[in-house]
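Sharing a model prediction with you, sequence too.
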Amino acid sequence: MRQIELKALAKINLGLDVLGRRENGYHDVRMVMQSIYLYDDVKIERTKKPGIEIKTNLYFLPVGENNIAYKAAALLLEEFRIKEGVIITLDKHIPVAAGMAGGSSNAAAVLFGMNRIFGLGLSQKGLMARGIKLGADVPYCIMRGTVLAEGIGEELTELPPMPKCTVLIAKPPISVSTKTVYEALDARKGLNHPDINRLIEGLETGNLPYIASAMGNVLEEVTIPLHPVIEEIKNEMKTAGALNAMMSGSGPTVFGLFENKTQARKAQEKIRNKALAKQAYVTNIHGTRRI
Ligand SMILES: C[C@](O)(CO)[C@H](O)COP(=O)(O)OP(=O)(O)OC[C@H]1O[C@@H](n2ccc(N)nc2=O)[C@H](O)[C@@H]1O
Ligand SMILES: Nc1ncnc2c1ncn2[C@@H]1O[C@H](COP(=O)(O)OP(=O)(O)OP(=O)(O)O)[C@@H](O)[C@H]1O
């Protein structure tokens, strides 16, 4: 096989709780992750010429070793002493630095794809063990679907699938550093922790309104006071009929869950018209785990 084309899916966090901080600065988390049908197209071509070439439609992304897709390719080329090279084309649609694991899912696709085209024989577990070296969200991006993530995000347990619904994504035009958000959380007292067990109960019974009511993200307590537009977007979505709306990951992207697609489209239009977020997309829960 000389080349492979993959869809690198974005994620949302239906629930995100932080339990504590480790010596190395990373945090123990308890999160419910969900893939959505918003993706980057990732093409990997095997070349006789050694080296890694990254091509992307976004001029502002690094194309050298600072691109996480480059790091993923370098890791496998080195470990398996591969003498050939790769050209990786990233056609990006997932908002960048958004809390949607855009980079992590590109890295996951590169690990998965190179394992195939070079016949490395790695299992999913083997790919995930390499993924965690690149970032906390990468193992999940290899697994996909509805998943409980613990540890620093790499201890993964499959959950019953999220019931189908419409998802509205809106990313306000601000950048948030994941590291800064986690660090700022350490200084906070009296945090309002979400009830992740309740969320899991909702998934077990397949009750969408119950799931929506149990959503919660402790990182909102840091990011929203810094960027009140996040709260404004949440309110627009709820007013328009969302079952619930919440920030994903460390932000600033907000997602809303809707039973009614027309309501989601109306909210999208309003959010765009009010210039709260230009990047606003109506999409769905992604039902399969296939990468
Ligand atoms: C916010 C989430 O996206 C939720 O899914 C993840 O927890 C973050 O995952 P990620 O961006 O893949 O994280 P990494 O690239 O590994 O780490 C970025 C930074 O976030 C902080 N970080 C990340 C994960 C974690 N469990 N604890 C942390 O404190 C660390 O300061 C780290 O330097
Ligand atoms: N392939 C890539 N796609 C997107 N960003 C990348 C990529 N490689 C490196 N980056 C850099 O990584 C930073 C974070 O981007 P990314 O979109 O992965 O963040 P994120 O959505 O917050 O991810 P997460 O939810 O995993 O924290 C950006 O500033 C970007 O310059």
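Arrived safely, thanks for sending. Ligands and ions are numbered 1, 2, ... in the order given.

Let me know the helix or strand that the residue of the stretch 51-200 of the chain found nearest ligand 2 is in.
Using C-beta to the nearest ligand atom, the point where the stretch 51-200 of the chain gets nearest to ligand 2 is Gly103, with a distance of 2.5 Å. To be clear about C-beta, it is placed using only N, CA and C from the backbone, and glycine gets the same treatment. Taking DSSP states H and E as the criterion, Gly103 maps to helix 102-117.

what helices or strands is the next helix-or-strand element following that helix leaning on?
Where DSSP H and E defines the elements, the next helix or strand beyond helix 102-117 is helix 124-131. Counting contacts by 3 or more C-beta pairs under 8 Å, 6 or more residues apart in numbering; DSSP states H and E, helix 124-131 is packed against helix 68-79, helix 102-117, helix 138-143.

For helix 124-131, buried residues please.
Judged by neighbour count (16 or more other C-beta atoms under 10 Å), helix 124-131 contains these buried residues: Leu127, Met128, Arg130, Gly131.

Quick check: the two most widely separated of those?
Met128 and Arg130 (7.4 Å; C-beta to C-beta).

Now for the residue of the stretch 51-200 of the chain closest to ligand 2, how many residues are close by?
Each residue near Gly103 was counted by other C-beta atoms under 10 Å, and the total is 27.

Same question for Arg46.
Number of residues near Arg46 (other C-beta under 10 Å) recorded here: 17.

repeat for Val167
If you count neighbours by other C-beta under 10 Å, Val167 ends up with 23.

Can you give me every residue that contacts it?
With contacts taken as C-beta atoms under 8 Å, 6 or more residues apart in numbering, Val167 has the following neighbours: Ile12, Ile36, Phe255, Gly256, Leu257, Phe258, Ala264, Val282, Thr283, Asn284, Ile285.

hmm, back to that, quick one: the helix holding Gly103 to helix 124-131, angle?
Interaxial angle of helix 102-117 relative to helix 124-131 (axes from the mean of the first three to the mean of the last three C-alpha atoms, to 10 degrees): 130 degrees.

for helix 102-117, packing partners?
Based on contacts counted as 3+ C-beta pairs under 8 Å, 6+ apart, the elements that helix 102-117 packs against are strand 3-21, strand 27-47, helix 68-79, strand 85-91, helix 124-131, helix 138-143.

Run the angle between the second one and helix 68-79 for me.
When the same axes, to 10 degrees is applied, the directions of strand 27-47 and helix 68-79 differ by 70 degrees.

what about strand 27-47, near ligand 1?
Yes. Against ligand 1, strand 27-47 shows contacts by C-beta under 6 Å from any ligand atom at His27, Val29, Met31.

you'd agree the last one is up against Val18?
Think Met31. No. Counting by C-beta atoms under 8 Å, Val18 is not a contact partner of Met31; they are 9.1 Å apart.

out of the two, which sits in the more crowded spot?
Counted by other C-beta under 10 Å, Met31 and Val18 do not tie: Met31 has more neighbours, with 26 against 22.
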